[in-house]
Every structure is written in C-alpha cells, then in structure tokens.
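[1] could you work out the structure for the sequence below:
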Amino acid sequence: MNKTSTSIRNVVAIGIGTAIYVILARFTSIPTGIPNTNIEIVYPFLVLLATIYGPKVGFSVGFIGHTLSDFLMYGQTWWSWVLATASLGLLVGAYGRYFLDLKNGIFNTKQIITFNIVQIITNVISWLIIAPVGDILIYSEPANKVFLQGISATIVNSISTLILGTILLKAYAGTKIKKGSLKKEY
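    A predicted model of the protein is given here:
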C-alpha cells in the first residue's frame, strides 16, 4: 500500500472513529458513583482503532473524539482528560503497531496477556498521572478529588478494556487470514 492510500485510510479512520467515539461516549456511559467518572465502552473501541491503525489514528480519535463529546455533553472541554484519552490512544497504538500482528490473524494467549499488561500500564499513565495532574495544574482542582477520580477511571477503564477490548481484538484477528495458512495447489 502506498503512502497516499495509507494517509487517506488514516483520515477516513479518524473521521469515522471520531464519530463512533462521540456516539459511544454519549450513549454508553455508566456512572460509577464518583463524580464525572463513568464506566466507558468507548475506551475498548479506541484501543481497537489504535491497535489496527496505529498511534497517529489512536491519538487523533482520542483527542478529537473526547474534545467533541465533552463539548456536546457538558458545554465545555476538560483538557486534562482529553490529553489522557489521546495519550491512551497514542501509547496503545504504538504498542499495537510494533508488537501485535492482528492483520495476519495472530492474537494468541501470550499476546492477550501482554496486551492487557500494556493497556493497564497505559491506563495508569493516562488516568492516574496525566488526568489528575492536569486537573491540578490547569484547573486548580483539589488533589484528593482528582486522584479519587483517577483511581476510579483507571480501574473501570482497565477492566472494560480487559474484557471488551480483548474480545474486540480477538474478533478482529479472527477475521484475518493467518500467515502461511494458504497452500498452493498443484
């Protein structure tokens, strides 16, 4: 595939991915009881896109999608959480690009375990470091509040990605023809 078709493919993935992100964020959020912190179905979807299309698409869909969904749902954008979401897409996308082989139908037990270790670490970085520290620096929010939100978001996003993200990635890999599975007939 040449560079132009890859660029077009990525732009289309960003556009469609962002639209789906906004819809999922709007209609599939389940409150956790911690203010402004929800169980989100959108993060396993973001992880799927990021691992298929790479870190640029993951970052862009996370950034644009979270920006638009915040603005549409709350009338303002919470930039620290937008950056956390974009970072999640970037980091998982980089991991998927360099360490997974989904396009050849490979997502075995070892890769599932490694992927989930990486996504949990990435969720910790995004929700326990970037989002709360950003809230404190940008919005002067109280540390105890934002770290409680960060802990809650880390746990629920890690679990939703562990379950739904793994299912989505396994299903996607299952749609691809495994490398070396086709044999030439004589």
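[2] quick one: the strands in the protein?
    For the chain, the strands defined by DSSP state E cover 30-31, 38-39.
[3] between those, which one is closest to residue 124.
    strand 38-39 (17.2 Å; CB to CB). Quick note: C-beta positions are derived from backbone N, CA and C, even for glycine.
[4] which strands or helices does the closest one pack on?
    Applying 3 or more CB pairs under 8 Å, 6 or more residues apart in numbering; DSSP states H and E, one finds that strand 38-39 contacts strand 30-31, helix 143-160.
[5] any chance of these in CSV, plus mean neighbour count?
    What follows is the helices and strands packed on strand 38-39, written out as CSV (neighbours: other CB atoms under 10 Å):
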stretch, mean neighbour count
strand 30-31, 10
helix 143-160, 19
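[6] test my guess that residue 35 contacts residue 146.
    No - with contact defined as CB atoms under 8 Å, residue 35 does not reach residue 146; the gap is 10.4 Å.
[7] any chance of the helices and strands packed on strand 38-39 in CSV, plus mean pLDDT and distance to residue 79?
    Shown next, in CSV, are the helices and strands packed on strand 38-39 (pLDDT from 0 to 100; distance: least, CB to CB, whole Å):
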stretch, mean pLDDT, distance to residue 79
strand 30-31, 93, 22
helix 143-160, 97, 13
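[8] in JSON lines, list these along with distance to residue 40.
    Shown next, in JSON lines, are those (distance: least, CB to CB, whole Å):
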{"stretch": "strand 30-31", "distance to residue 40": "8"}
{"stretch": "helix 143-160", "distance to residue 40": "6"}
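[9] specify the stretch among these that is closest to residue 64.
    For residue 64, the closest of those is helix 143-160, at 18.7 Å, according to CB to CB.
[10] what helices or strands is that closest one leaning on?
    strand 38-39, helix 42-53, helix 109-123, helix 131-139.
[11] mind listing residues that contact the shortest one?
    Where contact means CB atoms under 8 Å, 6 or more residues apart in numbering, the residues beyond strand 38-39 that reach it are 29-32, 156, 160.
[12] can you tell me which of those lies closest to residue 53?
    Nearest to residue 53 among the contacts of strand 38-39 is residue 160, at 20.3 Å by CB to CB.
[13] distance check, the closest one against residue 41.
    According to CB to CB, to the nearest Å, residue 160 and residue 41 sit 7 Å apart.
[14] packed most tightly, which of the helices and strands packed on helix 143-160 would that be?
    Each of the helices and strands packed on helix 143-160 was scored by mean neighbour count; the highest is helix 42-53, a mean of 26, by mean count of other CB atoms under 10 Å.
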